[in-house]
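In: quick one: sequence and predicted model below, then my questions.
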Amino acid sequence: MLNSKVKSKELRRVVTASVIGATIEWYDFFLYGVMAGIVFNKLYFPGSDPVVSTMLAYGTFAVGFLSRPLGGVIFGHFGDKIGRKSMLVMTLMIMGVSTFLIGLLPTYAQVGVAAPIMLLLLRVLQGIGLGGEWGGAVLMAYEYAPPKERGFYASLPQVGLAIGLCLASGVVALLSYTLTDAQFLAWGWRIAFISSAALVFVGMWIRLNVMETPEFRAVKEHNAETQIPFFDLMKRYPGNVMKGMAARYIDGVFFNIFGVFSITYLTNTIQISRTQALTGVMASAVVMCFFIPFFGRLSDRMGRTKVFFWGALITSFSAVPAFWIMLNNADNILLLWLSIVIPFGILYSSIYGPEAALFCDLFDAKGRYTGISFVYQFSGIFASGLTPIIATYLLKTGGGQPWHIVGYVLFAGLISAFAALSMGKGDADSASDRGLQKAL
């Protein structure tokens, strides 16, 4: 096999570059979300109604989700024609520059309506950068790894999501603790954005010193590239695209229910402090760092479809006891934290860990960057972007009770579980292996 000749030193360098790059991208993306409701609503969308200002600020946050599929298609196309490495360097640069510039933006009081417009444009660039980053990062690890360890190595860039979430929340918490409210609002918040430039320089240096993946080099050597990867993908693998998007459903729903909506639910309905709710989510992210690679490794041993199938079912059903605990233990903060950490930090990892390699297995090297980027980013619009809105509506229709939301999570879990089950008998007969042999 191609990867049998790859030295462990090269593999470690590639994995390190993927993890650091993914961490930087997710840090930048989440940092915007943390700041939207505490800074941008005041400095860039001022108004007499603070609710409207906050909604406008979160509206620009949502734009990032809408632009991610565009980035996935653009960078997936060129990643399948030119190479994975060059696209990863470009996506990191786009995200780094746009985040740095947000830290330098003049406010509404200084330049008027131009301020929110520039903020919106930079948020679009962030989304485009992240849209191309995810597919390239997991591909570098997946295509460099030995075939029997691809689940483990492809799961490592996934840890970047958890680390990025912790860093974004932690940096803002540290600045809030060390500065007065006036200082934080005047200039302190800018430090979080500007300082990300240092991380970008480190990530760029590492990425510029890795080689192109062996599988893509083989495709180039045999002139096996397709003219338009997206069209070729839809012609040869339309079923796999649909299965991948359906499998992604529980990932987006569960992450946003427990990582985003739960904060609002715990503070507004259960009546605990926002700091306590955020602590539960941050603790989950720390735990996730260890369990994502655990389940990635498990998928190498048991098969990715099997691990994902049971992970989707068990994870979705965990919403039942989790919300029951939240509803009936408002005065016990330890139980409330456990109701987030166990389902979100541990069980959710059984989905997110094997997911990268699961999607990579669906496509061959000629169109894999385009395939996994489209599946992950486009399905994220309805699986991730709409979930907080749907959950808010279901909470209202349920009279403040969470059981309609739980039903929605169970529905998403069943869809994803059976989508994974329909993908085939296992990794040895995956589309990636068959497609590679055909290409060569």
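Out: Alright, I've got the coordinates. Numbers count the residues shown, from 1 in each chain.
In: what's around the nearest residue to Cys360 once chain neighbours are set aside, how many residues?
Out: Of all residues not flanking Cys360 in the chain, Tyr142 sits nearest, at 4.6 Å (CB to CB, 6 or more residues apart in numbering). C-beta coordinates here come from the backbone N, C-alpha and C atoms, glycine included. By other CB atoms under 10 Å, the residues close to Tyr142 number 28.
In: for the helix or strand harbouring Tyr142, buried residues please.
Out: Assigned by DSSP states H and E, Tyr142 belongs to helix 114-144. Within helix 114-144, the residues scored as buried using 16 or more other CB atoms under 10 Å are 115-116, 118-119, 122-144.
In: over to stretch 197-204?
Out: Leu199, Val200, Gly203, Met204.
In: hmm, Ile24 and the first one touching each other?
Out: Yes - A contact is recorded between Leu199 and Ile24 when judged using CB atoms under 8 Å, the distance being 4.8 Å.
In: shared neighbours of those two, which are they?
Out: Listed as contacting both Leu199 and Ile24 by CB atoms under 8 Å, 6 or more residues apart in numbering are Gly96.
In: mean confidence for stretch 88-106?
Out: When pLDDT is averaged over stretch 88-106, the result is 89.
In: where does pLDDT dip in the stretch 151-300 of the chain?
Out: Scanning the stretch 151-300 of the chain for pLDDT under 70 picks out the ranges 222-225, 274.
In: okay, and the most centrally placed residue in the chain sits in which element?
Out: For the chain, the residue lying nearest the average C-alpha position, counting by CA atoms, centre = their mean, turns out to be Leu161 (5.6 Å). Assessed by DSSP H and E, Leu161 sits inside helix 159-178.
In: check the closest residue to Pro343 other than its chain neighbours and give its pLDDT.
Out: Once flanking residues are discounted, Pro343 sits nearest to Ser318: 4.0 Å by CB to CB, 6+ apart. At Ser318, the model reports a pLDDT of 96.
In: alpha carbons of stretch 396-404, as CSV, please.
Out: Presented in CSV, the C-alpha positions along stretch 396-404 are these (Å, rounded to 0.1, in the frame of the first residue of the first chain):
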residue,chain,number,x,y,z
LYS,A,396,-42.2,27.1,23.2
THR,A,397,-44.5,24.5,21.7
GLY,A,398,-43.7,22.2,24.7
GLY,A,399,-44.8,24.8,27.2
GLY,A,400,-41.2,25.2,28.5
GLN,A,401,-40.7,21.5,28.8
PRO,A,402,-37.8,20.0,26.9
TRP,A,403,-39.4,16.8,25.6
HIS,A,404,-40.2,18.1,22.1
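In: going forward, the N-terminal residue is numbered 58.
Out: Okay, using 58 as the starting number, the last item reads as stretch 453-461.
In: still on that earlier bit, residues in contact with the residue nearest to Pro400?
Out: By CB under 8 Å, 6+ apart, the neighbours of Ser375 are Ile399, Pro400, Leu404.
In: show me which of those is closest to Phe288.
Out: Leu404 (38.0 Å; CB to CB).
In: for the closest one, give its distance to Gly188.
Out: 27 Å (CB to CB, to the nearest Å).
In: which SSE is Gly464 in?
Out: helix 460-478.
In: scratch that, Thr332
Out: Thr332 belongs to helix 331-359 when assigned by DSSP H and E.
In: does Tyr426 really touch Trp191, like I thought?
Out: No - if you go by CB under 8 Å, Tyr426 and Trp191 don't touch, sitting 10.4 Å apart.
In: now Arg354. Nearest residue, chain neighbours left out?
Out: Nearest residue to Arg354, sequence neighbours excluded (CB to CB, 6+ apart): Phe209, at 4.3 Å.
In: hmm, back to that, now the residue nearest to Pro400: how far from Phe318?
Out: Counting by CB to CB, the gap from Ser375 to Phe318 is 15 Å.
In: what do you get for Tyr426?
Out: 31 Å.
In: which of those two has more neighbours?
Out: Using other CB under 10 Å, the more surrounded residue of Tyr426 and Phe318 is Tyr426, with 31 against 22.
In: can you pull the contacts of that one?
Out: Phe132, Gly133, Gly136, Asp137, Arg141, Met144, Gly192, Gly193, Leu196, Pro286.
In: as a markdown table, those residues with distance to Lys66 would be great.
Out: Output for those, formatted as a markdown table (distance: CB to CB, whole Å):
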| residue | distance to Lys66 |
| --- | --- |
| Phe132 | 27 |
| Gly133 | 29 |
| Gly136 | 24 |
| Asp137 | 27 |
| Arg141 | 19 |
| Met144 | 23 |
| Gly192 | 25 |
| Gly193 | 21 |
| Leu196 | 20 |
| Pro286 | 31 |
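In: which one of those is nearest to Ile329?
Out: Closest to Ile329, out of all of the contacts of Tyr426 and judged by CB to CB, is Gly192, at 37.7 Å.
In: residues contacting the spatially closest residue to the closest one that is not a sequence neighbour?
Out: Excluding its sequence neighbours, the residue lying closest to Gly192 (CB to CB, 6+ apart) is Ser430, at 3.5 Å. Contact analysis of Ser430 by CB under 8 Å, 6+ apart lists Gly128, Gly129, Val130, Phe132, Gly133, Gly136, Gly188, Gly189, Trp191, Gly192.
In: okay if I get those residues as a markdown table plus distance to Ala239 and pLDDT?
Out: What follows is the contacts of Ser430, written out as a markdown table (distance: CB to CB, whole Å; pLDDT from 0 to 100):
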| residue | distance to Ala239 | pLDDT |
| --- | --- | --- |
| Gly128 | 37 | 88 |
| Gly129 | 41 | 87 |
| Val130 | 44 | 86 |
| Phe132 | 41 | 87 |
| Gly133 | 45 | 85 |
| Gly136 | 46 | 82 |
| Gly188 | 37 | 85 |
| Gly189 | 39 | 85 |
| Trp191 | 38 | 85 |
| Gly192 | 42 | 85 |
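In: as a markdown table, those with distance to Ala474 would be great.
Out: Converted to a markdown table, those look like this (distance: CB to CB, whole Å):
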| residue | distance to Ala474 |
| --- | --- |
| Gly128 | 29 |
| Gly129 | 24 |
| Val130 | 28 |
| Phe132 | 30 |
| Gly133 | 26 |
| Gly136 | 30 |
| Gly188 | 26 |
| Gly189 | 29 |
| Trp191 | 23 |
| Gly192 | 24 |
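In: before we move on, the earlier item: my guess is the residue nearest to the centre of the chain contacts Glu412. True?
Out: No - counting by CB under 8 Å, Leu218 does not reach Glu412; the two are 10.9 Å apart.
In: buried stuff in stretch 354-363?
Out: Here stretch 354-363 shows Arg354, Leu355, Ser356, Asp357, Gly360, Arg361, Thr362, Lys363 as buried, counting by 16+ other CB under 10 Å.
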